[in-house]
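Trainee: Predicted model and sequence follow; I will ask about them next.
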Amino acid sequence: MGVLEALCSYASPTKKFQASRPVVSFCTAVIVEVLGCVSTIDSDVVKRIHPFVDSGLRTGKKGGSDHKAGALMIVGLLANKVALSPKLVNSLIRTVTEVAREDVKESTDLQWFRLSLMALINLVQSQSVDIFPKKALEILRDIRDIGAVLLELSEEFNIDRFIAILLEALINQSSYDDSYHPALISVIETVPLRNLVDHIVLKILLTCMKLSEGDGKMATSESVTWVKNVLAAVNKNYPSHFRVSVSKFLKDAKVQSKKEDTVCELLSKILDGNLDLSSAFSESKIWFASHHPKPEVRRATFSGLDRSAILKIKSLDAQRFMAIRDAIFCQLCDDDLTVVRAGLSVDGLTEIISPSDLLEALRDVLKRCLSFLTSGQ
């Protein structure tokens, strides 16, 4: 180990000395061989290797490609073979992320950036990382088209755990800083997230509940609009998964521990910016009620809906009208036919739902009714 330490020290650059490419390559090869042969890598080995890795990552930002490539390779080997200390993991995450930022700025192609990002992903997925370091998150937030790059990598490798940790961090920061919103939306709209929809929706809605339990000041702030945007993005890309996730949330024991009739109103209070909740046309209130797991709550969604008021909203606020229209159309496809009947009873339905969509929904209802009749249910 003394020889390894001496070799790493000699190959690491100083103010007055820069090792040659053959020396750096030889040192990298020795370290890789040692890590591959040693059955147990203890903290002493890591301590001796770390200066070479750290200098490679830092000088790599200035163009030392051989040393940088070796350092990234060694980071990957260490991440896969030994449980590093949390402090070292966080330090490596920040440094590798900084290297990735420089790579995406300076490279004529994105190959170096991909290599740096893969080293980061491997480090995060192989180690016990629960919280993404804030400084590293700030760097990823500012990388243009981060969603597109992650999409390419997700098609070649399993990066689900990294995406889950990244989304968790982006959602947490979005509650306080709207500069994280574009990166969050980019990842949701670009990277396949089917297995993570439940987690995303639960996290977002629990955040809403916490806001509603506070003093309510954030409910009128523009910072809360990110919630609607994120939910809309998830619903747009994963409509069936999204509906199931909302239903699971409303069935959750923590949610059910609250008063039954207040959950949807608390969420709506946040999403509608403290609008008068006595209004039957709080689109968020209608939307959450229409996704409630209990059919009686979903049926009650349509009581009091007034045709003229809906059409007035249509002329004044297209976005609010679309939210109400989508909630009504969703009920026409409900598994419970009593809810479908309540949806069909809405006054002025043909002026709210387009003829083609309404015809499609009616055709589906008819098929289901015929299926029940033929099966004797």
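Mentor: Happy to help now that I have it.
Trainee: Can you list phi and psi of Asp334 for me?
Mentor: Main-chain torsions, Asp334, degrees, to the nearest 10: phi -60, psi 150.
Trainee: which ones are touching it?
Mentor: With Cβ atoms under 8 Å, 6 or more residues apart in numbering as the criterion, the residues that contact Asp334 are Pro295, Arg298, Val340, Gly343. In this view, the C-beta of every residue, glycine as well, is placed from N, C-alpha and C.
Trainee: and with 10 Å instead?
Mentor: Residues in contact with Asp334, defined by Cβ atoms under 10 Å, 6 or more residues apart in numbering, are Ser290, Pro295, Arg298, Arg299, Val340, Arg341, Ala342, Gly343, Val365.
Trainee: Phi first, then psi, for the third one.
Mentor: Reported as degrees, to the nearest 10, the phi and psi values for Arg298 are phi -70, psi -40.
Trainee: Which secondary structure element is home to the closest residue to it other than its chain neighbours?
Mentor: Closest residue in space to Arg298, ignoring its immediate chain neighbours: Val339 at 4.7 Å, by Cβ to Cβ, 6 or more residues apart in numbering. Counting by DSSP states H and E, the element that carries Val339 is helix 337-344.
Trainee: How about Val234?
Mentor: With DSSP H and E as the criterion, Val234 is inside helix 225-237.
Trainee: Met209 is in contact with Val227, correct?
Mentor: No - using Cβ atoms under 10 Å, Val227 makes no contact with Met209, being 11.3 Å away.
Trainee: Give the residue from the two that has the larger number of neighbours.
Mentor: Val227 (21 against 16; other Cβ atoms under 10 Å).
Trainee: Quick check, pLDDT for the residue nearest to Asp326 when sequence neighbours are not counted.
Mentor: Residue nearest to Asp326 in three dimensions, not counting chain neighbours: Trp287, with 7.7 Å by Cβ to Cβ, 6+ apart. Note on Trp287: pLDDT of 74.
Trainee: thinking again about what came up before, does anything pack onto the helix or strand just after the helix holding Val234? Which helices or strands?
Mentor: Once helix 225-237 ends, the next helix or strand along the chain (criterion: DSSP H and E) is helix 239-251. Helices and strands touching helix 239-251, by 3 or more Cβ pairs under 10 Å, 6 or more residues apart in numbering; DSSP states H and E, are helix 197-213, helix 225-237, helix 253-256, helix 263-271, helix 283-290, helix 318-332.
Trainee: hey, which of these is tucked in deepest?
Mentor: helix 283-290 (a mean of 24; mean count of other Cβ atoms under 10 Å).
Trainee: Does anything pack onto that one? Which helices or strands?
Mentor: Where contact means 3+ Cβ pairs under 10 Å, 6+ apart, helix 283-290 is packed against helix 197-213, helix 225-237, helix 239-251, helix 263-271, helix 295-300, helix 318-332.
Trainee: thinking again about what came up before, I'd like to know how many residues surround the residue nearest to Arg298.
Mentor: For Val339, the count of nearby residues is 23 (other Cβ under 10 Å).
Trainee: I'd like the numbering to begin with 74 instead of 1 from here.
Mentor: That works, and once the first residue is 74, the last one we named lands at Val412.
Trainee: ok, it - contacts?
Mentor: Listed by Cβ under 10 Å, 6+ apart, the contact set of Val412 reads 363, 368-375, 403-406.
Trainee: try 7 Å this time
Mentor: With contact taken as Cβ atoms under 7 Å, 6 or more residues apart in numbering, Val412 is in contact with Pro368, Arg371, Arg372, Gln404.
Trainee: Just give me the closest of those to Ser448.
Mentor: Pro368 (20.5 Å; Cβ to Cβ).
Trainee: The closest one and Leu145, how far apart?
Mentor: Separation of Pro368 from Leu145 (Cβ to Cβ, to the nearest Å) stands at 55 Å.
Trainee: What of Ile426?
Mentor: Distance of Ile426 to Leu145, given as Cβ to Cβ: 55 Å.
Trainee: Show me which of those two is the more surrounded one.
Mentor: Shown here are Ile426 and Leu145; by other Cβ under 10 Å, Leu145 has more neighbours (24 against 20).
Trainee: Grab the nearest non-local neighbour of the more buried one.
Mentor: Spatial nearest neighbour of Leu145, excluding adjacent residues (Cβ to Cβ, 6+ apart): Ala192 at 4.4 Å.
Trainee: ok, and the one you found, which helix or strand is that part of?
Mentor: Using DSSP H and E, Ala192 falls within helix 184-199.
Trainee: what do you get for Glu241?
Mentor: Assigned by DSSP H and E, Glu241 falls within helix 233-247.
Trainee: what are the ranges of the helices in the stretch 74-223 of the chain?
Mentor: In the stretch 74-223 of the chain, the helices defined using DSSP state H, counting those that start in this stretch lie at 75-84, 94-110, 116-133, 138-154, 159-179, 184-199, 207-215, 219-227.
Trainee: could those go into CSV alongside distance to Ser248 and mean pLDDT?
Mentor: Formatted as CSV, the helices of the stretch 74-223 of the chain follow (distance: least, Cβ to Cβ, whole Å; pLDDT from 0 to 100):
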stretch, distance to Ser248, mean pLDDT
helix 75-84, 43, 68
helix 94-110, 41, 81
helix 116-133, 31, 80
helix 138-154, 30, 87
helix 159-179, 22, 88
helix 184-199, 22, 90
helix 207-215, 13, 92
helix 219-227, 20, 89
